[in-house]
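A.B. asks: predicted coordinates and the sequence they were generated for:
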Amino acid sequence: MQKRPEDVSRMFDEVAETYDRTNDILSLGQSKLWRKSVRNLINPEPKQRILDLAAGTGTSSMALLAEGVQVVAADFSKGMLEVGKKRHPELEFAFADATKLPFKDKEFDAVTISFGIRNVEDVDKALSEMLRVTKPGGKLVICEFSHPKGLFGSLYKFYLKRFMPFVAKLVAKNPEAYSYLGESIEAWPKQVDFATQIEAAGFENVGYKNLSLGIVAVHYGETP
């Protein structure tokens, strides 16, 4: 699968206004539980500065916001950022490419990215950048669609290939974006393989947990 950054960015620009509503529908309401799991792993504390990559309109960033916590919502879709700034003026928004982050070394206590890492052209480079901008002992949390096993896994593949595109045509402004979604999920590494990739990037204490029977996996690690 080709993942040209300009094409992916343009695709998200087109769905920015309806993105959150469509996601809630297609995830059958599970997206709120996934965001809660990410928050629990990061456990935001006062005086911390957290970077939320692929933040889109800032919905995932709002789940991390707490008194005394600074959250930077970063994305490479200007359309998403424009919508986010209107909806969530309390957040700090930044235009950023995950493979070339415009932030200083060791600037953040935690870095997270939800449902965006598989859209990155060079995942290893993005992981290297996340390591660079995170403080020693800081946290990495990556939430991404993954690979359920067994009969449920087969049913899920049917959902991705048949049912989701059908529903997307009814509720999404750009249903082609959700065909891409299914294809990119199938092309994504399995849970164990991605954990190995995170370790190779230099993170320690790497692990993962499956959510929603493996539809989503949350990988985590720490900077040395």
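C.D. replies: It's in. Numbers count the residues shown, from 1 in each chain.
A.B. asks: so which elements touch the longest strand seen in the chain?
C.D. replies: What stands out as the longest strand in the chain, according to DSSP state E, is strand 134-145. Strand 134-145 is packed against helix 31-42, strand 108-114, helix 191-200, strand 216-222, with contacts defined by 3 or more CB pairs under 8 Å, 6 or more residues apart in numbering; DSSP states H and E. Heads up, the C-betas are built off the backbone N, CA and C, glycines and all.
A.B. asks: so which of those is nearest residue 160?
C.D. replies: Taking CB to CB, strand 216-222 is the member of these nearest to residue 160, at 13.1 Å.
A.B. asks: and for the closest one, what's in contact with it?
C.D. replies: Here strand 216-222 makes contact (CB atoms under 8 Å, 6 or more residues apart in numbering) with 30, 34, 37-38, 41, 137-146, 191, 194-195, 198-199, 203-211.
A.B. asks: got a ChimeraX select line for the buried ones in the residues you listed?
C.D. replies: Filtering the contacts of strand 216-222 down to the buried ones (16 or more other CB atoms under 10 Å) takes a single ChimeraX command:
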select :34,37,38,41,138,139,140,141,142,143,144,145,146,191,194,195,198,203,206,208,211
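A.B. asks: is the residue of the chain positioned farthest from its centre within a helix or a strand, and which one?
C.D. replies: Centroid-distance maximum for the chain: residue 151 at 26.4 Å, with CA atoms, centre = their mean. Residue 151 is part of helix 150-158 when elements are defined by DSSP states H and E.
A.B. asks: same question for that helix, mean pLDDT?
C.D. replies: For helix 150-158, the mean pLDDT works out to 87.
A.B. asks: for the residue farthest from the centre of the chain, what are its contacts?
C.D. replies: Shown in contact with residue 151 (CB under 8 Å, 6+ apart): no residues.
A.B. asks: tell me which of the helices and strands packed on strand 134-145 lies nearest to residue 74.
C.D. replies: Closest among the helices and strands packed on strand 134-145, once you apply CB to CB, is strand 108-114, at 9.1 Å.
A.B. asks: tell me which other helices or strands the closest one touches.
C.D. replies: Against strand 108-114 (3+ CB pairs under 8 Å, 6+ apart) you get helix 31-42, strand 49-53, helix 123-133, strand 134-145.
A.B. asks: mind doing that once more with 6 Å?
C.D. replies: For strand 108-114, the elements it packs on are strand 49-53, strand 134-145, judged by 3 or more CB pairs under 6 Å, 6 or more residues apart in numbering; DSSP states H and E.
A.B. asks: need these in CSV with distance to residue 75 and mean pLDDT, can you?
C.D. replies: As requested, those are exported to CSV (distance: least, CB to CB, whole Å; pLDDT from 0 to 100):
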stretch, distance to residue 75, mean pLDDT
strand 49-53, 8, 98
strand 134-145, 15, 97
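A.B. asks: confidence score at the residue nearest to residue 191 when sequence neighbours are not counted?
C.D. replies: In space, and not counting its chain neighbours, residue 191 is closest to residue 217: 4.8 Å by CB to CB, 6 or more residues apart in numbering. On pLDDT, residue 217 comes in at 97.
A.B. asks: alright, calling it a day.
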